[in-house]
Each structure stands twice: as C-alpha cells, then as structure tokens.
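Enquirer: below are the sequence and a predicted model; questions follow.
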Amino acid sequence: MPKKLLSATLATACVIAATATAQTWEENLAAGAATTEQNHLNVPFTQMKNMKTAFSSPGNWPIFENRGPLDRSPTDKPSKVLVMGSGDPNPNPYRYGPALAVIVNDYPYFIDAGEGWWRALGKSVQSQDAMDLATIMNVPNIKYMFLTHLHEDHTVGLPSFILNPFKFGSNLAVVDKKVYGPAGVDEMMASINDAWRIDRNEMAQGSTVQKFDGATAVGVPVWPHVDVNGRKIFEDDNVLVEAFPTAHGFLENTHAYRFTTKPDGRVLVFGGDGHYSEGLVNAAKDADLLFIEGITRKNIKYAPWGGDSEEEKVKVIGAYHMFPSDMKKLQDDSGVKGIVMVHVQNYNSPEDFDRLSVLQEMIGEGVVNILQASDGDLY
Ligand SMILES: [Zn+2]
Ligand SMILES: [Zn+2]
C-alpha cells in the first residue's frame, strides 16, 4: 500500500478506535478502564528520585496517562459536552487546565479557561468525529465563556480565548466576546485587554481588515444577582443558563452553572471546584450530568500541599475540595443522575498509583453512575 494511503487508513482506524461510542454506565466505565495507544507513551521518561515536589507526583507521569479520548455521549441527544481540559494545578503535561464546552445546535458555550486553552481546543477537535467540531469551533463561534471562579488555574487561558482566534483574522472574530463570572471578572477582563494592548495595536496596524476591538472581551459579573436557589443569567435560542453559589476555600464568590439545552432538554451542570454546599446541591437538582472535581481521601497524605500532617491536610484541603463522602452526600441530596469527574487530584506513592483510584474511592463510598474524564472526551 502506498505510504500516504497507509497512513490515512491508520489515521481513520485510530479515529474510529478513539471515538467508539459506549452507552451504558457499565460500558463507559469499562471503556475508561481500558488502555489505548497514546503517542505520548513514547515520550522518554525518567522516574524521579525526589518525590516531594509537584513536578514528580506520579499523577503527572506519562505511563499513568494511558487512555485516549472517548465518545461517551448519548447517541440520541444532539447536545454534547466536550472535555477540553481535565487537569488541575498539578503540572501534568498530558492534561490541559480546566476547560469544557457545551455544544448545542452546533454552537459552543465554554466553561472555564485553564492553562493551554487554545491547544486543548485543537486536541479536542481532532479527537472526535461524532460532530463537525472543526466547523463548530471556527473563530466566529468563539464568543461565550462562563467562569466558575477566578483561581488562576481556571482563568489563565483567557488571553488565548481572546487573542489566539484574532490572529486568524478579525474580519471573522467576534468583537463583543462575553465572559460571565464572579465579581471581579470585569476588572480581570479590563486588565487582560490592557495587558495585550501592544499586540492588538500591532495586529490592527498590520492588516487591512483587522479591527482593534476584535481582540477584546467584556467581563460580566453574575453576582450579586445570584442566590442559593439560583438565578437565570443567560438565555438564547439554544440554552438557558442559571448560576448558583458554591463553596471553595476562601473565595467569596464561586459559581456552578446549570445549562438546560433547548433542543433536547438535557440538564448539564458545571460545579467548578469546591466541596459540598447547598448551592451546589440546588444547581445539580435532578440534573442529567454534573461535571465536578474530586480528590482522594484515602491517600491524602501523599498530597504535595495542605500541610505537614495528614490531619492538617484533611482540614486545609477539605476546605477547598470534594472528598468521596462529600460527593456521596451531594449525589444523595441533589438526585443528580450522573457525575463526570474532572480536575481529579489523585495522590499516591509511585508503587501503588492507579489512575482510577479516586474513581474507585467514590464508587466505594456509594456514589453511582460516575465516570472520570480525560482530555478530548465527549459526554
Ligand atoms: Zn482548580
Ligand atoms: Zn479553584
């Protein structure tokens, strides 16, 4: 077979393998547990001797990132959720920072802009063939962003969200991008617009079609128009979005977003970071899917932050994140039908590390219909 044709055939085979659709929770769980070929497994890897830093954490090792993107979405629902980045602050080179997208009627709505946002989008577009993501994600459609909170790991991709599409022609770019988020998002957006002023100026001068405004965005604070019972903050022909308060460390304002998709009535909730709270329960009430973080309790002593003793780590980390007991209570009290974990903090010794052990802890705690996402997955 000619080399070119062979590689095209292989590429097709890989796409099919990567996007085989599974339907039941059990089938999806089994598909997620399987190992699939990943190019990055060929990356040279040296096991580090000093296991005490964020860089050496086993969760970041390529040998533990051994599955490709899956299409776990229901085939009878046209609205989808694309996991672009499933990472957290740990410097894991195989997971981009927190970034998701709801796609309804071939139009995307983005949730959180973690590290590597633009590249995460590139990887995701190439990972799935259930829909024409290359067209759906084209520059003119990159307009709406919803931020769960203003921590750096969820916002550092904002300059990419604004400026990278602009580099491909602002005659296409949206001039009034909207970034919904907690109080302070307006100041953050104004600062980002200002910080890249030189770049925008130069691009506008060097082109006959680009306009300066093509690379700016407006921050829209959703607080204080939100209470524990939720409040509608956005609606168009595709989605209705409600915001709810959540609890995450010492941030005054953090939000969950509840999307109701109009064509097929899916209720998709994005909880961001945080532990159990009344607002999060209300956000996830009887929802179809909740995208939420999770963290180990069993192996918390291996966390490279939060204090010196296990007791101290449980106290400090528990004020920020979702232990299995919290997840169980959240599911019981909200009646949410399914949970997809992203931003998973999986700490353990190198000898005992298992990429699905936090998922197993959650299941062991009694949480049902729960999956763990990888970058490029579709739900
Ligand atoms: Zn985070
Ligand atoms: Zn956070």
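Expert: Noted; the coordinates are in hand. Numbering: from 1, shown residues only. Ligands and ions are numbered 1, 2, ... in the order given.
Enquirer: ok, for the residue of the stretch 1-150 of the chain found nearest ligand 1, nearest residue in space, not its chain neighbours?
Expert: Taking C-beta to the ion, ligand 1 has its nearest neighbour within the stretch 1-150 of the chain at Asp88, 5.4 Å off. C-beta here means a position set from N, CA and C on the backbone, and glycine is covered the same way. Once flanking residues are discounted, Asp88 sits nearest to His343: 4.5 Å by C-beta to C-beta, 6 or more residues apart in numbering.
Enquirer: my read: the one you found touches Pro98, true?
Expert: Yes. Assessed by C-beta atoms under 8 Å, His343 is found in contact with Pro98 at 5.5 Å.
Enquirer: the strands in the stretch 101-250 of the chain, which residues?
Expert: Taking DSSP state E, counting those that start in this stretch, the strands of the stretch 101-250 of the chain run over residues 107-111, 144-146, 177-181, 217-221, 231-235, 239-245.
Enquirer: may I have the strands that pair with the second one, each with its orientation?
Expert: Yep, that's strand 144-146 we're talking about. According to DSSP bridges, strand 144-146 forms sheet pairs with strand 107-111 (parallel), strand 177-181 (parallel).
Enquirer: how about those strands in CSV, adding distance to His255 and mean neighbour count?
Expert: Formatted as CSV, the strands paired with strand 144-146 follow (distance: least, C-beta to C-beta, whole Å; neighbours: other C-beta atoms under 10 Å):
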stretch, distance to His255, mean neighbour count
strand 107-111, 10, 22
strand 177-181, 7, 23
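Enquirer: in JSON lines: these, plus mean pLDDT and distance to ligand 2.
Expert: Listed next are the strands paired with strand 144-146 as JSON lines, based on pLDDT from 0 to 100; distance: least, C-beta to the ion, whole Å:
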{"stretch": "strand 107-111", "mean pLDDT": "98", "distance to ligand 2": "13"}
{"stretch": "strand 177-181", "mean pLDDT": "96", "distance to ligand 2": "13"}
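Enquirer: wait, which of these is closest to Ala303?
Expert: When the strands paired with strand 144-146 are compared by C-beta to C-beta, strand 107-111 sits nearest Ala303, at 25.5 Å.
Enquirer: quick one: residues contacting Trp61.
Expert: Counting by C-beta atoms under 8 Å, 6 or more residues apart in numbering, Trp61 touches 45, 47, 350, 353.
Enquirer: revised request: answer the last question for Lys298.
Expert: Lys298 makes contact with 357, 361, according to C-beta under 8 Å, 6+ apart.
Enquirer: what about it, distance to Asn346?
Expert: Counting by C-beta to C-beta, to the nearest Å, the gap from Lys298 to Asn346 is 10 Å.
Enquirer: and Gly32, by the same measure?
Expert: Distance of Gly32 to Asn346, given as C-beta to C-beta: 14 Å.
Enquirer: who has more neighbours, those two?
Expert: Per other C-beta atoms under 10 Å, whichever of Gly32 and Asn346 has more neighbours is Asn346, with 26 against 19.
Enquirer: for Gly97, helix, strand, or coil?
Expert: Under DSSP: H, G, I helix; E, B strand; the rest coil, Gly97 falls in the coil class.
Enquirer: I figured it was touching Trp117, is that so?
Expert: Yes. Using C-beta under 8 Å, Gly97 is in contact with Trp117, at 7.1 Å.
Enquirer: what do those two both touch?
Expert: Residues touching both Gly97 and Trp117 (C-beta under 8 Å, 6+ apart) are 85, 157.
Enquirer: burial count for whichever residue of the stretch 1-150 of the chain sits closest to ligand 2?
Expert: Proximity of the stretch 1-150 of the chain to ligand 2 (C-beta to the ion) peaks at His149, 5.5 Å away. For His149, the count of nearby residues is 25 (other C-beta under 10 Å).
Enquirer: that one: what's it in contact with?
Expert: His149 makes contact with 181-182, 246, 248, 251, 253-255, 272-273 under the criterion C-beta under 8 Å, 6+ apart.
Enquirer: quick one: contacts of stretch 218-229?
Expert: Contact with stretch 218-229 is made by 176-190, 231, 233, 243-245, 253, 255, 278-279, 282, as judged by C-beta under 8 Å, 6+ apart.
Enquirer: among these, the buried ones, what's the PyMOL command?
Expert: The buried residues among these can be selected in PyMOL (16 or more other C-beta atoms under 10 Å) with this line:
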select buried, resi 177+179+180+181+182+184+185+188+189+233+243+244+245+253+255+279+282
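Enquirer: same for ligand 1: which of the contacts of stretch 218-229 are within range?
Expert: Near ligand 1, taking C-beta under 5 Å from the ion as the test, no member of the contacts of stretch 218-229 is found.
Enquirer: mind listing the helices for the protein?
Expert: Remark: helices assigned in the chain by DSSP state H are 3-19, 25-33, 117-127, 133-136, 152-155, 158-166, 185-195, 197-205, 278-283, 310-318, 324-334, 357-364.
Enquirer: tabulate those (JSON lines), appending mean pLDDT.
Expert: Listed next are these as JSON lines, based on pLDDT from 0 to 100:
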{"stretch": "helix 3-19", "mean pLDDT": "40"}
{"stretch": "helix 25-33", "mean pLDDT": "90"}
{"stretch": "helix 117-127", "mean pLDDT": "97"}
{"stretch": "helix 133-136", "mean pLDDT": "97"}
{"stretch": "helix 152-155", "mean pLDDT": "98"}
{"stretch": "helix 158-166", "mean pLDDT": "92"}
{"stretch": "helix 185-195", "mean pLDDT": "96"}
{"stretch": "helix 197-205", "mean pLDDT": "82"}
{"stretch": "helix 278-283", "mean pLDDT": "98"}
{"stretch": "helix 310-318", "mean pLDDT": "97"}
{"stretch": "helix 324-334", "mean pLDDT": "98"}
{"stretch": "helix 357-364", "mean pLDDT": "98"}
